[in-house]
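1. Give me the fold of what follows.
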Amino acid sequence: MMAVLRSLVAMAAALAAMAVPAAAQSYPERPIKMIVPWAAGGDTDNIFRPFAPLLQKHIGQPIVIANVTGASGTVGAREAKGSPPDGYTLYAVHDYIHLVHYAGVTDVKYSDFEPICLLSATPSVLTASPKTPWKTWAELAEDAKKRPGQITVGATLGSTSHIFPALIEKAAGVKFKYVSYEGLAPRMNAILGGHVDLTDSNLTQKGKVDAGQLKFLAIAAEKRDPEAPDVPTLKELGMDIVYAVLRGLLVPKGTPAAVRAKLDEACGKAAKEPEFADAMKKQGTRVFYLNAAEYGPFLDKLDRESKVIMTELGLAKQ
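-> Model (predicted):
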């Protein structure tokens, strides 16, 4: 009797082991949800939304975007982490996942996920309200030194839009006052309305600059961008700051390797589509593709660098 029982247990275990590869082999069989942890109309949404139909084309199932917002992007991160590791939930991420963890905003970490692909890099631009008196960084810096803690910056606290101006503060020896907003769209509404003096934006706002609704003071790139040749780099202004928001796709830890491989392959094909490059150009962004094998070590390096930055800025809580 015991021998029969052991045989049945062994058979059940074998069948269970076979079931995972079988499910992975037939993947995907239904629509895939892509969690974007920021509001529709923001930069992250605007980058992943044109990518979704291209990924759909190469993976063979609909990609459905779900904007799961709140708490500096951590509500979406937590939902993604808690989703079944079956390949039917993708997490649209950027550098904030490292920053909010070290800031103590969440216990969710990048290592709670598996890498699929890195897709894009968006250089940050220090942007001013048209109601401010400065036309150049030099004028802003002079004013900031006279009025420490009085010039307001719209930012998502603990995220990239907070770290970028904080790096400028440290390099220039000035002090800003931060006003919290949940994502780019409300921050842009605030600066357009003159409710804050500065914010972190990017070249997608060039039309508003041309219309006199905003002012670009400096770009955090290695060299001037041909789309905005009159905007100096922070390096030119004496600050050794190069900063871009890096966006990619992750899946929950434990997602089968065969499923990850299919997503990895589809992402690579989608990222090479000319339509994606065109869409990214309109977003002031360049395609910066890394496959899963490359993206993993890249995330490790980014996490180490983020911890150093947060510690040096006095923002690290864990």
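2. Relative to K301, how far out is the residue nearest to R78 when sequence neighbours are not counted?
-> Spatial nearest neighbour of R78, excluding adjacent residues (Cβ to Cβ, 6 or more residues apart in numbering): V108 at 5.6 Å. Where you see a C-beta, it was placed from the backbone N, CA and C, and this is true even at glycine. Going from V108 to K301 by Cβ to Cβ, to the nearest Å gives 20 Å.
3. out of those two, which sits in the busier spot?
-> Neighbours per residue (other Cβ atoms under 10 Å) separate V108 from K301, with V108 holding more: 21 against 10.
4. Am I right that the more buried one is in a strand?
-> No - judged by DSSP: H, G, I helix; E, B strand; the rest coil, V108 forms no part of a strand; its state is coil.
5. wait, what's in contact with it?
-> T74, A77, R78, K81, I97, H101 (Cβ atoms under 8 Å, 6 or more residues apart in numbering).
6. Tell me which of these fall in helices.
-> T74, A77, R78, K81, I97, H101 (DSSP state H).
7. In contact with the first one, which residues?
-> I take that to be T74. With Cβ under 8 Å, 6+ apart, T74 has these contacts: P37, V100, V105, T106, V108.
8. and the residues you listed as JSON lines, adding pLDDT and distance to A218?
-> Formatted as JSON lines, the contacts of T74 follow (pLDDT from 0 to 100; distance: Cβ to Cβ, whole Å):
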{"residue": "P37", "pLDDT": "96", "distance to A218": "28"}
{"residue": "V100", "pLDDT": "93", "distance to A218": "25"}
{"residue": "V105", "pLDDT": "91", "distance to A218": "28"}
{"residue": "T106", "pLDDT": "93", "distance to A218": "31"}
{"residue": "V108", "pLDDT": "96", "distance to A218": "32"}
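9. quick revisit: measure the residue nearest to R78 to A92 for me?
-> From V108 to A92 the distance is 14 Å (Cβ to Cβ).
10. A171 now?
-> 30 Å.
11. of these two, who's got more company?
-> More neighbours surround A92 than the other of A171 and A92, with 28 against 14 (other Cβ under 10 Å).
12. Could you look up the SS state of the more buried one?
-> Classified using three-state DSSP, A92 is strand.
13. I116 contacts K262, doesn't it?
-> No - the criterion here is Cβ atoms under 8 Å, and I116 misses it with K262 at 10.0 Å.
14. what about those two, which has more around it?
-> I116 (30 against 20).
15. can you give me phi and psi for the more buried one?
-> Main-chain torsions, I116, degrees, to the nearest 10: phi -110, psi -60.
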